[in-house]
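**Student:** I'll drop the sequence and a predicted model, then ask my questions.
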Amino acid sequence: MNVSSLSYEARSHACRHPLAKRLLQLMTNKQTNLSVSADVTSAKALLTLANAIGPDICVLKTHIDIIDDFTPALTERLRELADRHEFLLFEDRKFADIGHTVMHQYAGGIYRIADWADITNAHALPGPGIVQGLAQAGQAKQRGLLLLAEMSSAGHLMDKAYVQQTLRMAQEFPDFVMGFITQHALTPEPHWLNFTPGIKLTQEGDTLGQQYVTPEQAIVDHGTDIIIVGRGILKVSHPQAEAARYRQAGWDAYQQRLLVLKQ
């Protein structure tokens, strides 16, 4: 059976990573596969957005280092909202250094990412040491890592060989790596989660190389699991209503995938 025809609930039972299992069950219970990229620059804007869209999302993706007025109180409040609305926090840090360095970047500094973010991500380019370093800081806290396999920007250098090496690296660390940032599902193995950025209801691009795909293209055609939406929600007058619209589109695409592949 094609793994894409398995429900999120069924796949949760195959997960080796406890956070992946939790996320798939959360997605099932809330009926959402929507992650929102909260690229705002003030603490107030981030908290307001998180509270407004929290009921509609499974994951809130942050770039904590673009917050102009960051204090540790911000991440404490984010954790409270995540627990209240039942979503996970994903700090989109894109680590890309040697293991010793990323261990300190993840656990320490002013952001202390491992203390509050359920999920973070990293490039595979430095080799397995980057996963080992991050695992030293995050695994005991039951954090999860996504490896960047494909990006949504035009001209990225992640060719097929790079993607396959990224998959092999993930397979070395199944107790810490929970999935990928990717435009296509990388493997039929059911325990890996595939997050797809660059989602819009209408397919278009921007002037800086961003390429968009629709929820249906990502989930039905490309077999991925979680859609990441940024400006499609942030740049409208009523983000909460637009988040609900994307949530429905993403869930409809998932239901369509189940139906098509079971026929």
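**Tutor:** Great, that's in hand.

**Student:** buried set for whichever strand in the chain runs longest?
**Tutor:** In the chain, with assignment by DSSP state E, the single longest strand is strand 88-95. Using 16 or more other Cβ atoms under 10 Å as the burial criterion, the residues of strand 88-95 that qualify are 88-93, 95. All C-beta atoms are positioned from the backbone trio N, CA, C, and that covers glycine.

**Student:** just for the protein, where's the confidence low?
**Tutor:** 1-4, 151-158, 203-210, 261-263 (pLDDT under 70).

**Student:** Let's see that with 90 instead.
**Tutor:** The model of the chain has pLDDT under 90 over residues 1-5, 16, 150-161, 202-212, 259-263.

**Student:** For Ile228, grab phi and psi.
**Tutor:** Here is the backbone geometry of Ile228 (degrees, to the nearest 10): phi -110, psi 120.

**Student:** show me what contacts it?
**Tutor:** Ile228 makes contact with 35-37, 61, 195-199 under the criterion Cβ atoms under 8 Å, 6 or more residues apart in numbering.

**Student:** Can you pull out the residues in contact with the longest helix along the chain?
**Tutor:** Longest helix in the chain, counting residues (DSSP state H): helix 239-262. Helix 239-262 is contacted from outside by 2, 4-5, 7-8, 31-34, 36, 49, 52-53, 56-57, 199, 201, 214-216, 218-220, 223, 227, 229, 232-233, 236, using Cβ under 8 Å, 6+ apart.

**Student:** thinking again about what came up before, which residues touch the longest strand of the chain?
**Tutor:** Contact partners of strand 88-95, identified using Cβ under 8 Å, 6+ apart, comprise 19, 22-23, 26, 35, 37, 58-65, 78-79, 82, 102, 105-106, 111, 113, 116-123, 130, 134, 146, 148.

**Student:** Give me the subset of those residues that lies in strands.
**Tutor:** Among those, DSSP E puts 35, 37, 59-62, 119-123, 146, 148 in strands.

**Student:** got the contact list for the residue positioned nearest the centre of the chain?
**Tutor:** Centroid-nearest residue in the chain, with Cα atoms, centre = their mean: Phe195, separated by 5.0 Å. Phe195 makes contacts with 35, 59, 146, 179-182, 224-226, 228, as judged by Cβ under 8 Å, 6+ apart.

**Student:** before we move on, back to that, reformat the buried residues of strand 88-95 as TSV; add distance to Asp69.
**Tutor:** Listed next are the buried residues of strand 88-95 as TSV, based on distance: Cβ to Cβ, whole Å:
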residue	distance to Asp69
Leu88	24
Leu89	19
Phe90	21
Glu91	17
Asp92	19
Arg93	19
Phe95	24
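
**Student:** If anything else comes up later, I'll come back, but that's it for now.
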